[in-house]
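Visitor: predicted model follows, preceded by the sequence.
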Amino acid sequence: MRKDLKHALLRWIDSEAGIESLASGGAQKTVDWPRIIPFVLLHLACLGVLWVGWSPVAVWTSLLLYLVRMFAITGFYHRYFSHKAFKVERGWQFVFAVLGNASAQRGPLWWAGHHRHHHRFVDTEKDAHSPSQHGFWWSHMGWLTSRANFATPYRYVKEWTRFPELVWLNRFDTVVPIFLTTCLYLFGALLERVAPQMGTSGGQMVVWGFFISTVILFHATCTINSLDHMFGTRRFDTPDTSRNNALLALITLGEGWHNNHHHFAVSARQGFRWWEIDITYMLLKLMDRFGIVRDLRPLPERLRSG
């Protein structure tokens, strides 16, 4: 018991600590309470706004970090690491893995591995975040607290393990969020000293730039697992409950066209029609023009016009 507690606490920093003691199997609902303390504190820390207040620069920083990190999740954690929908050089691969990791949604291999598991067993008992199988709250966030879903399913992401920098980032997945939090505090403290008219501080910048922005980012991302399998329209008769939802597509930069995605998951584009706004795809196209990414997998003509 004491050894399990020690490992659970160590996993706050080293996600591989005592990993062999964890249960396996995506649907097992055993919450790892000691390990999720930081997750709970992250939410409670948002209440710090009652003490630090707000300022335009803090709110804009929060919004900017939401958008940048959301794109890193949608464009790279999802469409690149999970589905290999385009190609990118190793340096840029690591840059966007770091930006995605800054979202505090675990490492890129963990994220991609569990997402591939989801596609393989979608809306079955083995799908850890299926609302039709496990209910809204478990599909939205409960599955992330489970001991069974903590370990990285390396069997699904073997091709990425040849990059030691990704393996390291995946293992020590709290380093980047802690570094970002520190930078935000120093930035806010600097502004408080050199530009007091902005009305910000180190604490305010941390609360808005990290805590509030990260919590909103987390729940926006998780709506695709939960709400986007419950509410919306279905263009394709896929063997799951995926939906297309314009509102969720807007707040997740294009991920809300989820029924489209489950019908043809390998495409870099998820908005199949001109009016289905997919900001992630627009940004990837722009990056393609500048040579940052290449070989974006297109939609077949039948899906663009059918």
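Guide: Received it, and whenever you're ready, just let me know what you need.
Visitor: tell me which stretches of the stretch 151-300 of the chain form helices.
Guide: 164-171, 175-194, 202-206, 213-222, 246-251, 258-263, 279-289 (DSSP state H, counting those that start in this stretch).
Visitor: export these to CSV and append columns for mean pLDDT.
Guide: CSV is the format used below for the helices of the stretch 151-300 of the chain (pLDDT from 0 to 100):
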stretch, mean pLDDT
helix 164-171, 98
helix 175-194, 98
helix 202-206, 98
helix 213-222, 98
helix 246-251, 98
helix 258-263, 97
helix 279-289, 98
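Visitor: indicate which one of those is closest to residue 89.
Guide: For residue 89, the closest of the helices of the stretch 151-300 of the chain is helix 279-289, at 11.5 Å, according to C-beta to C-beta. (C-beta placed from N, C-alpha, C; glycine too.)
Visitor: quick check: chain neighbours aside, which residue is closest to residue 223?
Guide: Distances taken as C-beta to C-beta, 6 or more residues apart in numbering place residue 248 nearest to residue 223, at 5.4 Å, with adjacent residues excluded.
Visitor: any idea how many residues pack against the one you found?
Guide: 21 (other C-beta atoms under 10 Å).
Visitor: verify the contact between it and residue 224 for me.
Guide: Yes. At 6.6 Å, residue 248 and residue 224 qualify as touching, with contact defined as C-beta atoms under 8 Å.
Visitor: anything in contact with each of those two?
Guide: 255-256, 258 (C-beta atoms under 8 Å, 6 or more residues apart in numbering).
Visitor: just curious, which of those residues is nearest to residue 121?
Guide: residue 258 (16.4 Å).
Visitor: could I get the helices of the stretch 151-300 of the chain as TSV with distance to residue 55?
Guide: Converted to TSV, the helices of the stretch 151-300 of the chain look like this (distance: least, C-beta to C-beta, whole Å):
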stretch	distance to residue 55
helix 164-171	32
helix 175-194	9
helix 202-206	6
helix 213-222	14
helix 246-251	24
helix 258-263	36
helix 279-289	27
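Visitor: which residues touch the nearest residue to residue 226 once chain neighbours are set aside?
Guide: Spatial nearest neighbour of residue 226, chain neighbours left out: residue 140 (3.8 Å); criterion: C-beta to C-beta, 6+ apart. Remark: with contacts taken as C-beta under 8 Å, 6+ apart, residue 140 is in contact with 129, 131, 219, 222-223, 225-227.
Visitor: narrow the residues you listed to those that are buried.
Guide: Restricting the contacts of residue 140 to buried positions leaves 129, 131, 222-223, 225-227, with burial counted as 16 or more other C-beta atoms under 10 Å.
Visitor: columns distance to residue 170 on top of those, output as JSON lines?
Guide: Written out in JSON lines, the entries for the buried ones among the contacts of residue 140 read as follows (distance: C-beta to C-beta, whole Å):
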{"residue": "129", "distance to residue 170": "20"}
{"residue": "131", "distance to residue 170": "27"}
{"residue": "222", "distance to residue 170": "20"}
{"residue": "223", "distance to residue 170": "24"}
{"residue": "225", "distance to residue 170": "20"}
{"residue": "226", "distance to residue 170": "24"}
{"residue": "227", "distance to residue 170": "28"}
